[in-house]
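Enquirer: My questions concern the predicted model and sequence given below.
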Amino acid sequence: MTRELFQRKDKQQFLDLLEARGISDKRVLKAMATVPREAFVGRDLVDSAYRDSPLPIEEGQTISQPYIVALMTEAMQLGPDDKVLEIGTGSGYAAAVLASIVKQVYTIERYPLLADHAAERLEELGYDNVAVLCGDGTLGWPEHAPYDAIVVTAGGPDVPKSLVSQLVIGGRLVIPAGPDQHRQQLLRVTRVAAAKTQTEDLGGVRFVPLIGEEGWSESEAKWR
Ligand code: SAM
């Protein structure tokens, strides 16, 4: 079997698996079907691109497991005119999934190398509704706020107040959070009024640490 055929077969199994695991939002499934995950991993990992597992990228980080990307995207309850913020660009894959569903995506990555590579990749693939910033995403991107939804793809100790304050009223923040750096609860925090939020627990997850002013400190992350 050629590599292309092999990937197509893998991709169909991967989409079937997302549906079997409960992903039902048609726009999310369509985005997962169209974004080429193989373009966001190293050449040596192309044959593993449609496995439902996280894969290593540069700087010791990971491209998230596809099921988790789909779950978080669905949890954001997105509409086609939405403006969203992603914290933790990594490879740029989840930003491309978001960009296939909403009008505009802003994404922040703390490692310059990852931010640069993701921006190049997204541009080459034609995702012209994504802007990438290198910086501390725990503080958000106030210039473009308010956002209809924010997703954080790294695990922090708490919910960053700066991010909640950059949501529209009714906006959703999806974030893995909790005191254990190796295991978090996936939370959906809805800003129901200017100073009021509602939090739902969507289950246990495992993410790399969110490092920044309103996340873990660098020394805490190294020490553990
Ligand atoms: N969304 C990514 C993708 O599709 O490839 C996967 C992201 S990876 C699981 C988490 C990313 O969060 C890492 O690239 C890490 O460097 C980044 N990160 C951690 N703390 C951050 C912060 N304060 N601001 C921005 N990025 C951060």
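Expert: Nice, I can see it.

Enquirer: Quote the end-to-end distance of stretch 172-184.
Expert: Using Cα to Cα, to the nearest Å, one end of stretch 172-184 lies 18 Å from the other.

Enquirer: buried sites along that stretch?
Expert: If you call a residue buried by 16 or more other Cβ atoms under 10 Å, then stretch 172-184 has these buried ones: Arg172, Leu173, Val174, Ile175, Pro176, Ala177, Gly178, Gln181, Gln184. Heads up, the C-betas are built off the backbone N, CA and C, glycines and all.

Enquirer: just so I have it, where are all the strands in the chain?
Expert: When assigned using DSSP state E, the strands of the chain occupy the ranges 55-56, 62-63, 83-87, 104-109, 130-134, 147-152, 167-177, 184-193, 196-205.

Enquirer: next one: the last one to chain centre, how far?
Expert: Mean C-alpha position of strand 196-205 versus that of the full chain (Cα atoms, centre = their mean, to the nearest Å) differs by 16 Å.

Enquirer: Partner strands of that strand, with direction?
Expert: Here strand 196-205 is paired, per DSSP bridges, with strand 184-193 (antiparallel).

Enquirer: same question, the fourth one
Expert: Using DSSP bridges, the strands paired with strand 104-109 are strand 83-87 (parallel), strand 130-134 (parallel).

Enquirer: thinking again about what came up before, for Leu17, find the nearest of the strands of the chain.
Expert: Distance to Leu17, taken as Cβ to Cβ, is lowest for strand 55-56 among those, at 16.1 Å.

Enquirer: now the closest one: mean pLDDT?
Expert: Over the span of strand 55-56, the pLDDT mean works out to 96.

Enquirer: which other helices and strands contact it?
Expert: In terms of contact count using 3 or more Cβ pairs under 8 Å, 6 or more residues apart in numbering; DSSP states H and E, strand 55-56 is assigned the packing partners strand 62-63.

Enquirer: just how off-centre is the strand it packs on within its chain?
Expert: Computed by Cα atoms, centre = their mean, the separation of strand 62-63 from the middle of its chain amounts to 10 Å.

Enquirer: now swap in stretch 79-87 and tell me
Expert: On Cα atoms, centre = their mean, the centre of stretch 79-87 falls 11 Å from the chain's centre.

Enquirer: Over to stretch 57-71?
Expert: Using Cα atoms, centre = their mean, the mean C-alpha position of stretch 57-71 is found 8 Å from that of the whole chain.
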